[in-house]
Each structure stands twice: as C-alpha cells, then as structure tokens.
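*Asks:* take a look and give me a structure for this.
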Amino acid sequence: MNRYAIALLGCLIGARAVAQSPELRATDRRNAAPDAPDRPNILWLTFEDTSPEFIGCYGNKAAKTPVMDKLAAQGTRFTSAYSTGSVCSPSRNALILGCKTYTLGTGNHRSNYPIPDNMTGFPKYLRDAGYYTTNNSKTDYNTSAAKRIVEESWNESSNQAGWWKRKEGQPFFAVFNSMSSHQSRTMTEPFAQYKKQIIDQLADGKKTSDADVVLPPFYRDSPEMRKQAARIYNSITKTDTEFGELLARLEKEGLRENTIIFLFSDHGEGMPDAKTNGKGIGHRVPFVVWFPEKYKHLSPWKQAGAVTDEQIDFVDLGPTVLALAGVPVPAYMQGRTLAGPGRKSAPMYLFLSSDRSDESYDLTRTIIKGNYAYTRIFMPRIPELRYLQYMDVGAITGQIRRDFKDGKLNKVQQQMLLPRPAEFLFDLSKDPWEVDNLAQKKGNEQLLNEFRTQLRQHIITQRDVLFLPEYEIANLSKTTTAYAYRQQEAMYPIQAIYDAADLSGFRDAATLKRQVTLLGNKNAIVRYWALVGLKSQSKEALQPHKAALSAMLTDDYPLNQIVAASLLDEHFGDQEAKPVLQKQLDSSEDHVANVVMQNLLYQPNARDWVTDIAAFYDQKKLMKNRPYHAVLSASVFLYVHNGRELRNEEE
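*Replies:* Residues are numbered from 1 along each chain as shown. Next comes the predicted model:
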C-alpha cells in the first residue's frame, strides 16, 4: 500500500471520528442570551490594508480621519487588536469562520482547500435567528467552500447590499467594506489611476500633501518616498469619507440608537514591511466599537472615549456578534466572546500566523503578550521585501530597491532587503514601527525562552497543519480536509516536524549537526524542514556535508530533491543538481514547479538560470491549465534578473 493510500485510509477513519466529536457539532448554548424581541442591529465598517499608526485617533496628527476619530471618541478604541493573518483572504477566512487558519489549512493566500461540511459563516446563524444579513461586498473567504458560505451567510452579498432591503422591524447585520484604502490604491496601481480614484474624489481641505506625511523610520525620507506615502494618507481619508456617508444614512433613517458599530481594517498597512509580513505591524489593526445607550449594558466598556489594551484577534469577532444578538455560538469556533453574555477575559498570549502570499512562500508565527510582539521566522533566507509580483509592480517597491542598490539606505532601512533573523522581538510601547529587534540584544534571554516555549506548546497542541508544504496540502485536500488530516498522529507527527522546522535560521555548529542528521529521518517532511534550515547555512559550513546533500538528489519526495539541488547548485555549481531542478521545473504540479522557482529567485547565481526560466515562462503562460504560481514567479524572476518589464498578471 503506497503512502497516499495509507494516508487516505487514516484520514477517512479520522474524519469519521472528527465528525462525531463534540467540537464539531453544529452549535451549543454557550454565550446564548435569553430570547428578546428587541435585538440590536450590528454594523461592520471594514476597510483594507491599514495600520493604526495612520489613523488620527491613534496619534497621527497628519491623518485626516474625522469620522473614525469621532467614533473612537464616543466609543471604545482598542490598542492591541490583531488580524489573524497578514494578508486579506486568510484574515477573512478567520473572520467568517471563527477559526484559526493553521487548524483549517486555509492560511495560504488565495488557496482553495476544503473545510468540514458543518463549518460555515457565522452570519448564517444570525440569519437563521431572523436577522437580515448583508455584505457589501467583498468575500474572499479562501476555501473551496466559499460559494456555500456566501449562500448560507447572506441575504444579499453585492455592491448594492445594505440594511435598507430588510422587512420592517427586522434586525440586521450589515457589512460594508471600503476598497479605497486597498494596496491597489496606496501603492500598486499607476499614480494616474490613484489620482482618478482617490485624489480627484477628495475636497481640497481633505487632501494630505507630500510634505505633511509622517514617514516610518524604515523608509528613506526623500521626495519620491513622500509622494508614495501620501497615497496612504489620502486613500484612508477617502475611506473615512465613505464611512461618514453611511453613518449619516443610518442616523437619517433613525437607526443609530439601535445599532452597535464595529470599525476595523482587515490587516496591517498595504506597504512594504507591513502587509504579508508576520511581524506585529503586519497584523496590528485599528479597531473601534461603539454601543448606543440602549445597549450599553452589553458593553464591558461603559465610558465614552474608553481606550483598552485588551488583546483580541479576528476569530473573536464571530462569537462576539452572535452573543450580542443572543444567538448560540457553534462549538467549533475557536475565538472568545468580547462583549455581551458569556464574555471571557483576554488571554495572556495571542497567537497569529502568516503564510504564502500570492506566489511567494513564507511561514511565520507571532505571539503578542502585552507590549511585546515575538515573531519566529521559519524561512529566514527570504527577506521581508521578498520578490512578489503584486508588490514589485508598485512604484514604492521599485524606489526602495533602487535606493538600496545606490547605497542610500541606512541600516534600519536596509533590513527589509536582507535575509531575516530567526526571531524578532519588539517592545511596541517604545518601538511601534518595530525596528529595534530585542531578540538580537543581550538581556532578553528569559523573555525569548518564554515565547519559544509558548510557541512550541501552541503549535503542537493545535497541530498547526501549515507546517506541511502546500504541495502536500493540495494533494491531501483531494480526499479529506486538512482539519481532519492534522489530527492523525500517524499521518502528521507534528512534534517531530516542528522540532526540525524550529532549527531553521540558527547557524551554530550544533544546529548544523542536527540538521544534517535529520536528512536521514524516515519522515519526508522532517527531511524537508532540515533542508529548508540548511538554506540559512554558509557554503563553508555546508562543504563537509556535500555528499549528504548529493544523496538527497534521489530522495523519494520531490521537494527534498529541489531544495537539496538548489543548495548544491548555489554553493558548489554541482553538475548533477541542475538536471534535477530542470526536471522538477517542468512538473505539472504547481507547488512543485513553484518551489523550484522560489529557490532559484534568491540564489546569487540566479542569472545562470535566465534561459531556462524564459523558456518555462514562454511555454507555460499560454497553457490553459498552467501552473499559476510558478508562472507568476517566473515573471518576477525575469524582471529581477533579466530586466524584463513587469506587469501585474494576477487573475
């Protein structure tokens, strides 16, 4: 019986057990309020790609966000609110399902993998209880079940949807999502398009000039960068204006005093060094909640203008809305109730995750504890400003790369273009822009060990399934769910896998010895993480182990062949390695070919591969069923290493 047959048998047995387990029964009565005819309306004002540091009520005096500022002055402002992921689709998956993406296998941006059949969007339960539910209009739920979730969750999901189509007296849950602050407006679309969509729509008094912006310290202060940063400020002001119009309509229709309002962004700012990165700034969001007087009894924060440092993340929001509406919370949801009946206190530690974004692989895990943000980088060879088509089409990214090449960046500004350390540790009370890495300074060993222990324990107990390469998740998803698969120890020995992954990024002799030893492990994923870790070792360190790497060229797992061949090609110009890479580049499996591409992109000898990559690109881009991520990677490769023009071909 081959490996996949054994895996399938285990998963089918496991899936039956999981389906019968209490945690996956449809609903329970926790957090349920007594039935009441007078239920609150609930309004979500959500917006794109924004960090709190760019909002007036969070202390930015250059920001023009009067609507958000007024709502915060009348409601409660959160200073420790975080998105579960650091790019939109994983964050929205966590929002709608109330589950961590690393338990569902839904953390990779724009993936399409299944979830258990009885998991659905939390608005379904509101709808079943008589609420009118509308979404205007983004979904992006990051699972093959997205269509089902939309159909079950919303009375209407469109750019025309709103509370105004409900029956008279019917309570509503309405979501409005502003795209005006999206990364497309703030950095990736041409300046002329931004001018048309944003600047030309703002009154003169609402516009922020280049001279007035507050630049993060990781950006060079230059006219070019100020011009780009001003896009962020003006785009957020456009969003603020849109929300003002919605609140005015709510007020005009006499609904304000019956409506609880949430305002938040989907993750951190859509700019280099924030969005898609696993550091705290990629996850930290502005978050405000406002309770009318009628429903103040449901709020733990009674005083207008309250500020709380209570730690929250997106899996908490579904359970909270259900509790406020007096609707039972499904037992499978992993978040806590923030307000209303059944409120639970904040945890000591908040666990966040960031994985693949578009074609670029990554895996980071972040813990928030009070003022501290700890991030473990499991693929540190890749810099923060990694090669990623949707980022590289932006003028701001090109400007940063040119300034780096011309030697114009200081040490802080250079960091996003260099290989990352294994760990970040920031004190957000002193360093909100996250530039002073305490993990590299003496005196923080006790705190680091605390975070390391907590992270290991959490990943193993939660059985974080995203330590599987996506190639593996794509294959197992043909017959089961990652949620079920991860619970089978025989199929997924998470402790052994994590122990191998946890070596990545450390470069001492003891770590190197353990990584080389693990190349002989019977588990292919353990061997994979040993090889990924070796990507951070130097040529000199690897020289005595060249024979062990060469033996991996015939490994029975294709990704292990690729990473070993990349190491041999990069450091030693090994003639046996290149045919292996060429063979796997031609794979029909997207997440095999793309692993080749992502390894070659960052090799110092990448230009040696221009001819091969050009041939791959010219052939595959015309195919109907092309390996999508690999084609995107090839486009970026040719732009970076051969000077080709880069166009945004994302579909």
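*Asks:* and the helix ranked longest in the chain, what's buried?
*Replies:* Among the segments of the chain that qualify as a helix by DSSP state H, the longest is helix 223-252. Buried positions in helix 223-252, judged by neighbour count with 16 or more other C-beta atoms under 10 Å: 224-244, 246-247, 250. To be clear about C-beta, it is placed using only N, CA and C from the backbone, and glycine gets the same treatment.
*Asks:* check stretch 289-298 too.
*Replies:* Val289, Trp290, Phe291, Pro292, Tyr295, Leu298.
*Asks:* closest to Lys441 among the residues you listed?
*Replies:* Val289 (36.7 Å; C-beta to C-beta).
*Asks:* looking at the buried residues of stretch 289-298, which is nearest Lys513?
*Replies:* Val289 (51.9 Å).
*Asks:* if that closest one is in a bridge, with which residues?
*Replies:* For Val289, the beta-bridge partners are Thr76, Phe262 (DSSP bridges).
*Asks:* let me know the pLDDT of it.
*Replies:* We have a pLDDT of 98 for Val289.
*Asks:* so it makes contact with Thr259?
*Replies:* No - Val289 is beyond contact range of Thr259, at 11.7 Å (criterion: C-beta atoms under 8 Å).
*Asks:* which strands and helices lie in contact with the longest helix of the chain?
*Replies:* strand 41-47, helix 66-74, strand 172-178, helix 191-197, strand 259-265, helix 395-405 (3 or more C-beta pairs under 8 Å, 6 or more residues apart in numbering; DSSP states H and E).
*Asks:* which of the buried residues of stretch 289-298 sits closest to Met119?
*Replies:* Val289 (25.6 Å).
*Asks:* quick one, what contacts that closest one?
*Replies:* By C-beta atoms under 8 Å, 6 or more residues apart in numbering, the residues touching Val289 are Gly75, Thr76, Phe78, Ile260, Ile261, Phe262, Leu263, Ser299, Trp301, Ala339.
*Asks:* out of the buried residues of stretch 289-298, who's nearest Gln462?
*Replies:* Val289 (27.4 Å).
*Asks:* from Thr50, how far off is the closest one?
*Replies:* According to C-beta to C-beta, to the nearest Å, Val289 stands 16 Å off from Thr50.
*Asks:* surely Thr237 and Thr65 touch.
*Replies:* Yes - at 6.6 Å, Thr237 counts as touching Thr65 under the criterion of C-beta under 8 Å.
*Asks:* hmm, back to that, closest one to Lys147 out of the contacts of Val289, please.
*Replies:* Among the contacts of Val289, and counting by C-beta to C-beta, the member closest to Lys147 is Phe262, at 25.6 Å.
*Asks:* what sits against that closest one?
*Replies:* Applying C-beta under 8 Å, 6+ apart, the residues near Phe262 are Ile42, Leu43, Trp44, Leu45, Phe287, Val288, Val289, Leu317.
*Asks:* count the residues that sit near the fourth one.
*Replies:* Spelled out, that is Leu45. 25 (other C-beta atoms under 10 Å).
*Asks:* just grab the bridge partners of it for me.
*Replies:* Phe176, Leu263.
*Asks:* is it true that it touches Glu245?
*Replies:* No - using C-beta under 8 Å, Leu45 is not in contact with Glu245; the gap is 11.0 Å.
*Asks:* the host helix or strand of Gln446 packs against which elements?
*Replies:* Here Gln446, judged by DSSP states H and E, is contained in helix 445-462. If you count contacts as 3+ C-beta pairs under 8 Å, 6+ apart, helix 445-462 packs onto strand 350-354, strand 364-369, strand 372-377, strand 423-427, helix 494-501.
*Asks:* can you pull the contacts of Glu189?
*Replies:* Per C-beta under 8 Å, 6+ apart, neighbours of Glu189: Gln197.
*Asks:* if we go to 10 Å?
*Replies:* His182, Gln183, Lys195, Lys196, Gln197, Ile198, Arg231, Val393, Gly394, Ala395, Asn648 (C-beta atoms under 10 Å, 6 or more residues apart in numbering).
*Asks:* just the strands in the chain please.
*Replies:* 41-47, 76-78, 81-82, 132-136, 156-157, 172-178, 259-265, 287-290, 306-308, 312-313, 350-354, 364-369, 372-377, 423-427 (DSSP state E).
*Asks:* among those, which comes closest to Asn93?
*Replies:* strand 350-354 (11.3 Å).
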